[in-house]
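1. fold the following for me, if possible:
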Amino acid sequence: MYSAAASSPFGSPGALANAYRQVGFETSVSPASPHKLVELLFDGFFDALNLARASMRGGKIEVKGRAIGHAARIVDEGLKASLNLKDGGRLAADLNGLYEYVSIRLVLANARNDESILDECARLIEPLRQAWKDIGPRTGAAN
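-> Now for the predicted structure:
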């Protein structure tokens with residue numbers, strides 16, 4: 001089962017649920033485990049990137065901007081905000097740096113209308129997403 005030990009690189013379950021709500025997901029998160037909430041954030045990030053890509057290709061600039069903005073909020077207000085920088089050690093610090101970099105690149109992708117930067121962001125986050133999904137069964141995170 002998930003343990004919010006002091007040495008965890010991630011914040012408290014309540015902070016995760018709050019971060020999840022703040023990035024604009026329209027669903028009930030209270031029954032979800034902290035592990036599942038992070039998984040949903042990763043999934044939402046990729047959904048937003050896919051919408052941004054399709055909007056770039058279709059010339060829908062406003063939709064693209066909103067989608068990239070949503071992806072950036074997921075990174076900043078969800079994934080990054082859920083890190084426990086005080087007690088999380090090097091892992092939390094490294095993830096924080098990665099999330100900062102991805103956020104900057106998302107802004108650049110939006111400004112330049114550059115799909116290759118979205119691809120770079122996806123390549124950087126996908127291993128984390130997959131690793132997070134892979135450890136889910138080991139943590140007892142069923143919901």
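
2. how about the helices in the chain?
-> Under the criterion DSSP state H, helices of the chain are mapped to 13-22, 34-58, 61-73, 89-112, 115-139.

3. from the chain's centre, how far out does the third one sit?
-> Think helix 61-73. On the basis of CA atoms, centre = their mean, to the nearest Å, helix 61-73 is displaced by 14 Å from the centre of the chain it belongs to.

4. in that helix, what counts as buried?
-> Taking 16 or more other CB atoms under 10 Å as the basis for neighbour counts, the residues of helix 61-73 that come out buried are K64, R66, A67, I68, G69, H70, A71, A72, R73. No exception for glycine: its C-beta is placed from N, CA and C like everyone else's.

5. average pLDDT across that helix?
-> Along helix 61-73, the predicted confidence averages to a pLDDT of 97.

6. what's the answer for the second one, then?
-> If you average the pLDDT over helix 34-58, you get 95.

7. E100 reaches L79, doesn't it?
-> No: under the criterion of CB atoms under 8 Å, E100 makes no contact with L79, lying 10.9 Å away.

8. returning to that earlier point: how about the helices of the chain in CSV, adding distance to L83?
-> Below are the helices of the chain laid out as CSV (distance: least, CB to CB, whole Å):
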stretch, distance to L83
helix 13-22, 10
helix 34-58, 10
helix 61-73, 15
helix 89-112, 5
helix 115-139, 12
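
9. ok, the residue lying closest to Y99 once chain neighbours are set aside - contacts?
-> Ranked by CB to CB, 6 or more residues apart in numbering and with sequence neighbours excluded, the top spatial neighbour of Y99 is K80, at 4.0 Å. Residues in contact with K80, defined by CB atoms under 8 Å, 6 or more residues apart in numbering, are L95, N96, Y99, E100, S103.

10. E100 and L79: which has the busier surroundings?
-> Taking neighbours as other CB atoms under 10 Å, E100 and L79 compare with L79 leading, 26 against 13.

11. ok, the more buried one - contacts?
-> Applying CB under 8 Å, 6+ apart to L79 gives the contacts V38, L41, F42, F45, L95, Y99.
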